[in-house]
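Trainee: Give me a 3D structure for the following:
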Amino acid sequence: MLRICVIGGSRYFGKRLIQRLLTSGHEVTVVNRGSSTPPAGAFHVVADRDDERALRTALGSRAFDVVIDQVCYTPRQADIARRVLGPRTRRYVMTSTVEVYEYEDSASPVREEAVDPRTVAVDLDAELPYGEGKRQAEAVFARDSALPFTAVRVAHVLGGADDFTGRLTHYADRIREGRPIAVPPVNHPATYVYVEEIADFLAWAAEREFTGPVNAASNGSLTTGDICAAVETRTGGKAVFQEVEVGEVSPFSFRRSYAMDNARATALGYTFRHTSDWLDRAVGETLGGQA
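Mentor: Next up, the predicted model:
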């Protein structure tokens with residue numbers, strides 16, 4: 001049994017992760033602001049992670065074998081967590097994102113060394129977009145030599161009736177109504193992961209000892225067309241694509257190529273499934289009765 005702290009994580013794949021950890025017999029403490037209640041069996045600590053003093057007070061004398069940080073979006077949040085939780089855990093696992101590679105444009109899948117967080121410049125006071133915020137948050141943890149740190153770089157997540165992002169609904173609405181779907185002239189494939197599988201992977205990673213970045217993605221990249229084909233099957237409509245040179249494009253449409261290579265996860269002992277094994281199921285779960 002491990003003593004595991006999950007920061008945030010009471011929604012979407014986070015709640016699935018917590019349930020898996022409990023089912024495996026671990027002692028789980030969930031830290032959030034109180035806006036959602038963790039699954040039965042988990043201890044609940046209510047605190048604002050952005051308030052260092054309040055977080056330290058709320059945690060009291062608690063110590064952990066592993067911290068899994070599901071909601072670290074900025075280097076400042078990472079710096080607070082490093083100071084408060086670093087001395088009371090043996091290993092820190094941060095849920096990061098494929099978007100740390102957003103500046104890459106590679107014909108072959110991107111490996112972890114493409115972004116070494118130890119070399120990333122950090123600005124604790126800057127207002128940062130999502131990908132850059134995650135990249136700098138990784139950098140804060142990676143530079144703390146006293147804290148064993150793992151960054152799980154999560155691919156685009158699909159599936160679940162509780163997918164709150166609205167991205168698949170965006171496609172379903174346009175396909176059903178015959179409205180155009182905006183894509184770039186060169187629309188690159190990307191890597192994805194099923195919501196149940198990323199919960200499995202994070203639970204598995206919590207029980208291991210490896211450190212450093214690791215890409216978490218299913219085998220088999222997907223194009224916008226692949227995803228829309230699954231939506232077409234569900235809705236009975238037909239996707240109409242409209243190329244746009246500049247401006248906003250639809251979700252899961254990419255002007256740059258930074259699909260992830262999952263070879264390190266495989267070498268560490270975890271085998272991801274292929275997207276073809278779960279794509280139709282994922283789309284059906286999310287769209288549900290929207291057909």
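
Trainee: State the distance from residue 40 to residue 28.
Mentor: 11 Å (C-beta to C-beta, to the nearest Å). From N, CA and C alone the C-beta is placed, and that goes for glycine too.

Trainee: Residue 15 contacts residue 42, doesn't it?
Mentor: No: using C-beta atoms under 8 Å, residue 15 makes no contact with residue 42, being 10.0 Å away.

Trainee: in the host helix or strand of residue 85, what counts as buried?
Mentor: Per DSSP states H and E: residue 85 is located in helix 75-85. Of the residues in helix 75-85, 75-82, 84-85 count as buried by neighbour count, 16 or more other C-beta atoms under 10 Å.

Trainee: what sits up against that helix?
Mentor: For helix 75-85, contacts defined as C-beta atoms under 8 Å, 6 or more residues apart in numbering pick out 5, 7, 49-50, 52, 55-56, 59, 64, 67, 69, 71-72, 92, 94, 122-125, 128, 133, 136-141, 144, 147.

Trainee: one more time with 6 Å
Mentor: 52, 55-56, 67, 72, 122, 124, 136-137, 140-141, 144 (C-beta atoms under 6 Å, 6 or more residues apart in numbering).

Trainee: Buried residues, the helix or strand following it. List them.
Mentor: The first helix or strand that comes after helix 75-85 along the chain, using DSSP H and E, is strand 89-97. Residues of strand 89-97 classed as buried: 89, 91-97 (neighbour count, 16+ other C-beta under 10 Å).

Trainee: And the protein, split by domain according to the record?
Mentor: 3-156+194-216, 160-190+219-257+275-290 (automatic domain parsing).

Trainee: roughly how far out does the shortest one sit from the chain middle?
Mentor: Right, the one you point to is domain 160-190+219-257+275-290. Between the centre of domain 160-190+219-257+275-290 and the centre of its chain there are 19 Å (C-alpha atoms, centre = their mean, to the nearest Å).

Trainee: out of the buried residues of strand 89-97, what pair is the most spread apart?
Mentor: Across the buried residues of strand 89-97, the longest distance by C-beta to C-beta is 21.8 Å; it joins 89 and 97.

Trainee: quick one: contacts for the spatially most central residue of the chain?
Mentor: Nearest to the mean C-alpha position of the chain, by C-alpha atoms, centre = their mean, lies residue 154 at 4.0 Å. Residues in contact with residue 154 (C-beta under 6 Å, 6+ apart) are 97, 198, 216.
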